[in-house]
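A.B. asks: Here is my input; please provide its structure:
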Amino acid sequence: MSYIYKNVVPFQVLQRNSNTNAATLSIDNERIILPVGGPYTVGKCSNIYVGDVWVMAGQSNMRGHGFLRNPFDNQSLVISPVNNICLYASNEKWMEASEPTHNLFASPRAVHHTLPDPTVANPDICKFRGASLGLAFAKEYQRLNNGIPVGLVACAHGGTSLEDWQRPEEINKNTAQTTLYGAMIDKIHAIGNHVAGILWYQGESDAVKLETSKTYYERFQHWLDLLRADTRVDMPVAFVQIGAHRIDRPEGIEAWKNVQEHQRKLFGYKSITAGVASLDCSLDDRVHLSASGLIKVGKRLAHAAIEAVKKTAEFATPICEAAACEQIELIPSVLSVYSIKLSFSHMENLEWICNEQIEGFELDNCENNVMIVNAKVEGKRVRLYLSHKPTTSDTLYLSYGMNQQKATLVTTGGSALPAFKRFPILL
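C.D. replies: Here you go, the predicted model:
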């Protein structure tokens, strides 16, 4: 693939060619090769960088809706700008990246003014809320990549469903203005048609209605396939599984579980789709992550993005791979201890952080009211202690992160166990 740029603007990050670790400019019949790094000056344009460019797409948790400052003491909650992290902002100009990364009211695209978003209706909201995962992702990505410059492309829009993000029948000048998908593809073209990958955080709006939630797996998988057909077949995607919430509608609670499970099933899809968990992140309202939660998720996305680029996306996040009941008989027919031992894949060089209070697990389809009374880390495994021996006429299942408890399993590397639903237990 050729990475040749014919024009540049200040603060632009040019996508490196991974084979040459450089970008090529062809300006005024002169070919200029710039290696990874910067800032460079090309003609009258200064602060040009060569590195990796990542698109930020999805809904409000990607756009960022955390408080920028603590409302009570006015202390900043966001990461400060860094010279070689740049942003192709909502106004479609390159600049030094800072929070908020999205100011949709400044977008020249009609779609950002026709689809509802509170920050468009009232731009003053962006003075108080708008903390995103962008800078946390970029800084961690740099740390893992020898300080490589990072470009972020603001494409997210609050309150949007997967249907709002569907590919139009044609991508043309009209749909580049009137659809989120068309606008995203057009922005990629506008910055040189080369990006390292896509960051995606969406699903909350598909977790409102039960019927919509039931088809999320098929629809998101299809969306990923269309995206790669329009960009490149091995386009890396790193996405966030929707996590903690404080929804109180029964239908919404069940729909949320469905979307979480469908997203989990796509962790590692084609080895270029990496997923991360957000269950342990704090909230600023019922569904929006706080600045600190977004920083945590941004760091995880950086690790996931690298795995997706390497085509080892399945290694980004540990997954429960086995659950088996184990019984120790201390005094025959008198005293026994019952437990479930959990094993996990992709725990190379990792262990679970020993936490005195491990929460988030629950049993399903148990006929004799067995309770999980304790949970303990055993290195790479976790053991759940049970109140008594479980019985079922069918299959006993285990779920995690499917209730309002804060799920707390995190590895020594910072990754977290994603939510999962009805995992079969070997009795």
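
A.B. asks: Quick check: closest non-adjacent residue to T391.
C.D. replies: Nearest non-adjacent residue to T391, counting by C-beta to C-beta, 6 or more residues apart in numbering: N368, 4.9 Å away. (C-beta placed from N, C-alpha, C; glycine too.)

A.B. asks: what number of residues lie near the one you found?
C.D. replies: 10 (other C-beta atoms under 10 Å).

A.B. asks: so who does it touch?
C.D. replies: 388-391 (C-beta atoms under 8 Å, 6 or more residues apart in numbering).

A.B. asks: Just the closest of the residues you listed to W256, please.
C.D. replies: For these, the closest approach to W256 (C-beta to C-beta) belongs to P390, at 26.4 Å.

A.B. asks: how much space between that closest one and E326?
C.D. replies: 12 Å (C-beta to C-beta, to the nearest Å).

A.B. asks: between the two, which one's more packed in?
C.D. replies: Per other C-beta under 10 Å, whichever of P390 and E326 has more neighbours is P390, with 20 against 13.

A.B. asks: Report the buried members of the contacts of N368.
C.D. replies: P390 (16 or more other C-beta atoms under 10 Å).

A.B. asks: Just name the closest of the contacts of N368 to L398, please.
C.D. replies: P390 (10.5 Å).

A.B. asks: Doesn't the closest one lie inside a helix?
C.D. replies: No: in this structure, P390 is coil, not part of a helix, as judged by DSSP: H, G, I helix; E, B strand; the rest coil.

A.B. asks: What's the separation between it and K257?
C.D. replies: 22 Å.

A.B. asks: in terms of contact, does A57 touch A183 like I think?
C.D. replies: No: at 9.9 Å, A57 and A183 do not qualify as touching, with contact defined as C-beta atoms under 8 Å.

A.B. asks: okay, these two: which has more neighbours?
C.D. replies: Between A57 and A183, counting by other C-beta under 10 Å, A57 is the more crowded of the two (27 against 24).

A.B. asks: so what's G203 up against?
C.D. replies: Residues in contact with G203 (C-beta under 8 Å, 6+ apart) are 59, 162, 216, 241-242, 259-260, 263.

A.B. asks: Scan these and report the most crowded one.
C.D. replies: Busiest of the contacts of G203 [other C-beta under 10 Å] is Q260, holding 29 neighbours.

A.B. asks: residues contacting that residue?
C.D. replies: Taking C-beta under 8 Å, 6+ apart as the test, what Q260 contacts is 203, 241-243, 401-402, 418-421.

A.B. asks: switch the cut-off to 6 Å
C.D. replies: Applying C-beta atoms under 6 Å, 6 or more residues apart in numbering, we find Q260 in contact with 241-242, 419.

A.B. asks: How about K187?
C.D. replies: Applying C-beta under 6 Å, 6+ apart, the residues near K187 are V153.

A.B. asks: How about the secondary structure of it?
C.D. replies: helix.

A.B. asks: Report the separation between it and H112.
C.D. replies: K187 is 11 Å from H112, by C-beta to C-beta.

A.B. asks: Now list whatever residues contact both of these two.
C.D. replies: Common neighbours of K187 and H112 (C-beta under 6 Å, 6+ apart) do not exist.
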